[in-house]
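In: Mind looking at a prediction? Sequence and model below.
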Number of protein chains: 2
Amino acid sequence: MPSITLEYPKEPYSTHELETIHQIINSSPILHVSFNTDSSPFPMILPMIGFMGSYDRPSADIGDVLDLYLHGYVSHRLLRLSRGTKKPKGDSAADSTSTTSGSEERPPGLPVSVAASHVDGFVLTSTPNGHVYNYRSAVVFGYASVVEDNEEKLWAMENTTNSVVPDRWNNVVLPLAKSELASVGVLRVKVKTGSAKIRTGPPSAGTGDADMSVWKGVLPIYQTVGEPVPTPDRKNMDVPTHITEFREGCNVASRNYAIEAAVKPMVNKSEES
Amino acid sequence: MPSITLEYPKEPYSTHELETIHQIINSSPILHVSFNTDSSPFPMILPMIGFMGSYDRPSADIGDVLDLYLHGYVSHRLLRLSRGTKKPKGDSAADSTSTTSGSEERPPGLPVSVAASHVDGFVLTSTPNGHVYNYRSAVVFGYASVVEDNEEKLWAMENTTNSVVPDRWNNVVLPLAKSELASVGVLRVKVKTGSAKIRTGPPSAGTGDADMSVWKGVLPIYQTVGEPVPTPDRKNMDVPTHITEFREGCNVASRNYAIEAAVKPMVNKSEES
């Protein structure tokens, strides 16, 4: 399967690879965050909202080394573990040889793994074995810490909000009350490594292809933003431009990507394994 | 936030709760599977395809205790760990008091956590803090073993294929060659615990609601299956019924769910935290 892998913050890395990973994450409405606790043999796994960005270097673009900010449903357990008051279980390997941290010193924070996956198509071929998905999938591994600085927290909230609906922040009631800001939990993940995998294109040739009674092809899969549903007290209000433009742009882009992915094979595509 | 939690295979549990968890998983085209390895402080996290079912009790329905079968992109590392040749890191808590395994003996297999999440709407309110998603999210925790029995493997392949596109199995070239079956990796997860969270409904009342210049409401979000794209050699073939019916049914159901979720508050809904 075509894939790229990179040692995240170390030179040399390719801007194109970083862009690919960051775009998959930033275009995903939901991320899955996994971490260990000391009370269970199972990793925890939580759906959260997040984006890649750099508070320290506002001029950084999508192809630069960035941090991952996590927001939304931050659980109390995750916040407590990220404050570093307890050493999480499963952490011993950080001190020994590790494929991901190498010989570097272990950074502060809770080890977390964050995945973003887009399903772009169901790829149907002649025999059961050849059935695959067109998809874009990224995962980053890093150390999560709680953002304590109010300026950085506010910046992360603004960018999280705008990552869901662009320009939404400028279309809500501001400023935020201090108590509201205090009630929000934001995590900053210093990324150590990351990778992405992408599949596009029609089904591969297979053993059953001579049977012309069997349909072969791709069902494009994409996310649609439906007609806005206002609350009853806003039902006579025009839907504002930042929402109508987001909806149109998002729907066209998602649909076009999936349709193009259905016919356009990967460059340097190897057979899926 | 409204949620249900259950100790999975222990009585008493409610059929409705099991149904809810199983339906969220079975309607999710992609699952995120997390597990520990002995070479990294980070849990691994992989997108995979799966379904809840029971090979031992074919008459079991969606509200019964079921196993989770994982298929698709089964990594070699995951297969090796699930064969139990190595004790994975982060496994020590299985022998001590655990919130999930209680006083029971540790079952065979690799501890895995599996999450399924559907985004059903962006819920936009007057102030940044009230912005949430409508969503359905389920997670199950259990012990994964490699399915070695060929009959069970074939059954799992058939059900996986049909979980993506109903009745697809009866519309491909069969039987499967022995070598094809041998090349497939399938995992069976014996589920220990699981939970689900669901949010529906309009935005909650908030501090900024008096500002009638700010739009409030829900953008329904749903998955769409696009126009089938045949391979060039099938372009004159009629798209078969199992595909056209799946596409229509799936699109109507997804869209209707998201639109209904936009206006229909949860029964027993508490304010989101």
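Out: Structure's in. What do you need?

In: which sections of chain A are below the confidence cut-off?
Out: A:1-13, A:72-74, A:85-106, A:267-273 (pLDDT under 70).

In: the helices in it, which residues?
Out: Ranges of helices in chain A, per DSSP state H, are A:15-26, A:76-82, A:150-164, A:178-182, A:241-263.

In: is chain B contacted by the longest one?
Out: Put plainly, it is helix A:241-263. Yes: Helix A:241-263 is in contact with chain B by CB under 8 Å from any CB of the partner chain, via A:243, A:247, A:255, A:258-259, A:262-263. Placement of C-beta: from N, CA and C, glycine included.

In: what's the closest of those to chain B?
Out: Of all these, A:Ala262 has the smallest distance to chain B: 4.1 Å, by CB to the nearest CB.

In: which residues sit in contact with the closest one?
Out: The neighbourhood of A:Ala262, defined by CB atoms under 8 Å, 6 or more residues apart in numbering or on different chains, consists of A:121, A:134, A:200-202, A:217-218, A:220, B:226, B:229.

In: closest one to B:Pro107 among the helices of chain A?
Out: helix A:76-82 (24.5 Å; CB to CB).

In: For chain B, tell me whether the closest one is touching it.
Out: No: using CB under 8 Å from any CB, we find that helix A:76-82 stays clear of chain B, coming within 9.3 Å at best.

In: how far is that helix from where the chain is centred?
Out: How far helix A:76-82 lies from its chain's middle: 20 Å, per CA atoms, centre = their mean, to the nearest Å.

In: thought A:Glu158 was touching A:Asn171?
Out: No: using CB atoms under 8 Å, A:Glu158 is not in contact with A:Asn171, being 12.0 Å away.

In: quick revisit: and the helices of chain A as CSV, adding distance to A:Asn129?
Out: Listed next are the helices of chain A as CSV, based on distance: least, CB to CB, whole Å:
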stretch, distance to A:Asn129
helix A:15-26, 27
helix A:76-82, 39
helix A:150-164, 38
helix A:178-182, 53
helix A:241-263, 20
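
In: So which residues of chain A form strands?
Out: Taking DSSP state E as the criterion, chain A carries its strands at A:3-6, A:31-35, A:44-53, A:67-71, A:110-124, A:132-146, A:187-199, A:217-225, A:229-230.

In: does the shortest one come close to chain B?
Out: Same thing as strand A:229-230. Yes: applying CB under 8 Å from any CB, one finds strand A:229-230 touching chain B at A:229-230.

In: Strand partners (parallel or antiparallel) of that strand?
Out: Paired with strand A:229-230 in the same sheet, following DSSP bridges, are strand B:217-225 (antiparallel).

In: And stretch A:172-187, end to end?
Out: End-to-end distance of stretch A:172-187 (CA to CA, to the nearest Å): 23 Å.

In: what's the answer for stretch A:29-49, then?
Out: OK, stretch A:29-49 end separation, CA to CA: 7 Å.

In: cool, stretch A:180-188 as well?
Out: Start-to-end, stretch A:180-188 (CA to CA) is 19 Å.

In: What are the contacting residues of that stretch?
Out: A:55, A:67-71, A:74, A:78-79, A:82, A:112, A:144-147, A:150, A:152-154, A:156-157, A:160, B:127-129, B:207.

In: still on that earlier bit, can you say which of the residues of helix A:241-263 next to chain B are buried?
Out: A:243, A:247, A:255, A:258-259, A:262 (16 or more other CB atoms under 10 Å in any protein chain shown).

In: Could you single out the nearest of those to B:Gly194?
Out: A:Ala258 (31.1 Å).

In: check contacts around that closest one.
Out: Counted by CB under 8 Å, 6+ apart, A:Ala258 has contacts A:120-121, A:134, A:220-222, B:226.

In: now with 7 Å?
Out: A:120-121, A:220-222, B:226 (CB atoms under 7 Å, 6 or more residues apart in numbering or on different chains).

In: now those in TSV, with distance to B:Gln23 and neighbour count?
Out: TSV is the format used below for these (distance: CB to CB, whole Å; neighbours: other CB atoms under 10 Å in any protein chain shown):
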residue	distance to B:Gln23	neighbour count
A:Asp120	24	23
A:Gly121	23	27
A:Pro220	24	25
A:Ile221	19	23
A:Tyr222	22	22
B:Gly226	24	19
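
In: Which two among the residues you listed are spaced furthest apart?
Out: A:Asp120 and B:Gly226 (10.0 Å).

In: Could you pull out the buried residues of stretch A:198-211?
Out: A:198-203, A:206-209.

In: Just the C-alphas of it, formatted as PDB.
Out: The C-alpha trace of stretch A:198-211 is given here as PDB (Å, rounded to 0.1, in the frame of the first residue of the first chain):
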ATOM      1  CA  ILE A 198      -3.300   7.200   1.200                       C
ATOM      2  CA  ARG A 199      -5.000   5.000  -1.300                       C
ATOM      3  CA  THR A 200      -6.700   6.200  -4.400                       C
ATOM      4  CA  GLY A 201      -7.700   4.700  -7.700                       C
ATOM      5  CA  PRO A 202      -9.900   1.900  -9.200                       C
ATOM      6  CA  PRO A 203      -9.700  -1.700  -8.000                       C
ATOM      7  CA  SER A 204      -6.600  -3.700  -8.900                       C
ATOM      8  CA  ALA A 205      -6.700  -6.400 -11.500                       C
ATOM      9  CA  GLY A 206      -7.800  -9.700  -9.900                       C
ATOM     10  CA  THR A 207      -8.300 -13.400 -10.600                       C
ATOM     11  CA  GLY A 208     -12.100 -13.100 -11.100                       C
ATOM     12  CA  ASP A 209     -12.000 -10.300 -13.600                       C
ATOM     13  CA  ALA A 210     -13.000 -12.500 -16.600                       C
ATOM     14  CA  ASP A 211     -16.400 -13.000 -15.100                       C
END
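
In: So what touches that stretch?
Out: So stretch A:198-211 is contacted by A:1-2, A:123-127, A:130, A:132-136, A:214, A:216-218, A:261-266, A:269, A:271-272, B:172-173, B:231 (CB under 7 Å, 6+ apart).

In: pretty sure A:Arg247 contacts A:Glu227?
Out: No: contact criterion CB atoms under 7 Å: A:Arg247 and A:Glu227 do not qualify, at 8.4 Å.

In: hmm, back to that, closest to B:Asp61 out of the residues of helix A:241-263 next to chain B?
Out: Using CB to CB, the residues of helix A:241-263 next to chain B come closest to B:Asp61 at A:Ala258, 33.4 Å.

In: Beta-bridge partners for the closest residue to the closest one other than its chain neighbours, please?
Out: Of all residues not flanking A:Ala258 in the chain, A:Pro220 sits nearest, at 3.7 Å (CB to CB, 6 or more residues apart in numbering or on different chains). Note on A:Pro220: beta-bridge partners A:Gly121, judged by DSSP bridges.

In: With the one 5 residues further on instead?
Out: Counting by DSSP bridges, A:Val225 is bridged to B:Ile221.

In: Could you report the neighbour count for the closest residue to A:Arg77 other than its chain neighbours?
Out: Nearest in space to A:Arg77, with sequence neighbours left out and distances taken as CB to CB, 6+ apart, is A:Thr37 at 6.5 Å. Neighbours of A:Thr37 under the rule other CB atoms under 10 Å in any protein chain shown: 21.

In: returning to that earlier point: reformat the strands of chain A as a markdown table; add distance to A:Ile21.
Out: Formatted as a markdown table, the strands of chain A follow (distance: least, CB to CB, whole Å):
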| stretch | distance to A:Ile21 |
| --- | --- |
| strand A:3-6 | 8 |
| strand A:31-35 | 12 |
| strand A:44-53 | 8 |
| strand A:67-71 | 10 |
| strand A:110-124 | 9 |
| strand A:132-146 | 5 |
| strand A:187-199 | 5 |
| strand A:217-225 | 20 |
| strand A:229-230 | 34 |
